[in-house]
Every structure is written in structure tokens, then in C-alpha cells.
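# Show me how the following folds:
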Amino acid sequence: MSDWLHIAVRALSTLVFLFVLTRILGKKQISQLTFFEYVIGITLGDLAGNISTDVESNYWHGIIAILVWVLVPFILETLTLKSKTLRIWFEGRGRVLIKDGKILEDNLKKERYTGDELLEQLRTKSIFRVADVEFAMLESSGDLSVLLKSELQPLTPKHLGMKLVTEKPTQAVMMDGVIQNEPLAAAGRGQGWLLNELEKLGVIKENVFLGQVDTHGELTVDLYDDKLQVPQPTERPALLAMLKKCEADLELYSLTTQDKEAKQMYETSSEQLTKVIQQIGVLLKM
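Residues are numbered from 1 along each chain as shown. So this is what the prediction gives:
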């Protein structure tokens, strides 16, 4: 076998072997790496490169070395799931760098972290004043977790006493002009509804690159023809307008009727509808 073909076969088999082992180790290996996992990744890459290109070396010796470097961390990871002490030993622990707006210089030194590096990490999170930070911790993965002071945190609907609907995952009900039945069913819709919505928008399904149904059951589409303007969903604004019209009609009826019972009924209904509009008005305007 010629050298180039030999290298190609070794490289391909090593690639498949590493892929299988990486799947066994889990997704953590490609997300947040600890120091130990970082070293393992570098070593595995170096071993794979050597046994792929060094035709004079014994291929199976390299495979055995890779297996050792995979089995040891796999066993240790299994053990760390059951022991917090081992987790701290191998993965480390987070360290507080800022508390109550004050930098803890001793902890910075322990992590070999400079003030410039700390400020740089804060700037990546759009924070430019240390005094604005209530709490900041350097995680074992190297990420900096930051909590702003209460008065500087973003305003949420909870602060305003608003109750929002539970968000549901947006479903991709169309892809490349083809209806996706499973996501469509997950969104609680059928093909008849989807085709009817497309007809309202004035588009054909073959021209739809991507179609999504959001939490509120509204369909938005991205077309192959980028020059074609698609109207925005109008169901929620139309519903809000209808509710306000009903509210105005009830007030009008209460003013024009001479019947006391009917007048009281219209006024009560109008007040109840006003409360409903106040509660869901923000949602319908979104």
C-alpha cells in the first residue's frame, strides 16, 4: 500500500474512532472545559495526528494510548458525579472577585487575574463601572458570572405586577417549502390552518423557505423571494381593537338606556372588560 493511501486510511479510521469516543465522553467536552478536560483534548488531538501521519509507528499502540486517555477521564467523571470532593479537586470551584461593589484583590491574586482582565470581562457584559456590580464570581470554567445591583437590574413584567402567558417553543412548521407535520402538531395546528394562513398572507408554500408558529399561535414566514413583502400578523391587534370597541359599546349602552337594571349590567360588564384589557393589552400590542 502506498504511503498516501496508508495515511488516508489511518486518518479516516482515527477520525471515526475519535468521533465515537467523543460521543461517549458527552457534550461537556465541547462546551465548558475544565483544566483537566482541556489537557485531555490537546493530548487526544496530538495522539490522533501522530498515529494518522506517522506511517512507521505502530497504529494499534496509538489506539491503545488514546483509549487510556479516554477511559481514565471517563472513569473519573463517573466518580465525580458521586463525590463533591473529587469534583472540586478535578474541576475546581468558583471564586468571588467582586462583592458589594468592591473588588477582592486577594482573590484576584489567587486566580492570577489582573484588574485589566477583570474590567475587560465586565465590558463584554456591557458593565463599565465596578460599583454597579453587586456580586461577580469567576466560575471553574473561566466564565465570569455577574449580578448587578437591584436598582440597576432590567425591569421585568414581575416588577410591574403583570402576568404573562407561559412561553412555548417556536415551532418550525415549514422548511424548504415542505410542511413539517410533527412541529405543526406540536404547535396545535393542522395543515388546513397552515394553508389558510398562507393564503391570507398571499404566498404559496413552495415559496416559503421557513415558516414558524410562535407562542401566540401566529405564523411568520421567510420567503425565497426576498423582494416580496409579507404583511405582519394582525390577529392580536385586531383582537385588541375589537375588545376596545366592545368596551366603548357597553359604555354607550349604559348611557343611553333608561332601564336601571340594564344600565347596571352594562356598567359592570364595561368595568370587567376594562380590567381584562389592562391585563392582556400589553400582550396584544407585542
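
# Could you use CA atoms for every contact and neighbour count after this?
Noted.

# Give me the nearest residue to the residue positioned nearest the centre of the chain, chain neighbours excluded.
Residue closest to the mean C-alpha point of the chain, counted by Cα atoms, centre = their mean, is residue 169 at 10.5 Å. Using Cα to Cα, 6 or more residues apart in numbering and skipping residues adjacent in sequence, the residue nearest residue 169 is residue 215, 6.7 Å away.

# domain parsing for the protein?
Following automatic domain parsing, the chain resolves into domains at 3-89, 95-152, 171-232, 236-285.

# Output those domains in JSON lines, with distance to residue 158 and mean neighbour count appended to each entry.
Shown next, in JSON lines, are the domains of the chain (distance: least, Cα to Cα, whole Å; neighbours: other Cα atoms under 10 Å):
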{"stretch": "domain 3-89", "distance to residue 158": "32", "mean neighbour count": "14"}
{"stretch": "domain 95-152", "distance to residue 158": "14", "mean neighbour count": "15"}
{"stretch": "domain 171-232", "distance to residue 158": "19", "mean neighbour count": "16"}
{"stretch": "domain 236-285", "distance to residue 158": "13", "mean neighbour count": "15"}
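
# out of these, nearest to residue 161?
Nearest to residue 161, of all the domains of the chain, is domain 236-285, at 9.7 Å by Cα to Cα.

# Now residue 213, what are its backbone angles?
Backbone torsions for residue 213, taken as degrees, to the nearest 10, come to phi -110, psi 120.

# tell me the contacts of it?
Residues near residue 213 by Cα atoms under 8 Å, 6 or more residues apart in numbering: 170, 171, 172, 173, 187, 219, 220.

# Let's verify the fourth one: helix, strand, or coil?
Reducing the assignment at residue 173 to three states with DSSP: H, G, I helix; E, B strand; the rest coil gives strand.

# ok, which stretches of the chain are helices?
Per DSSP state H, the chain carries helices over the ranges 3-25, 35-53, 59-80, 84-91, 105-110, 115-123, 181-186, 191-201, 235-256, 260-285.

# Kind regards, and thank you for your time.
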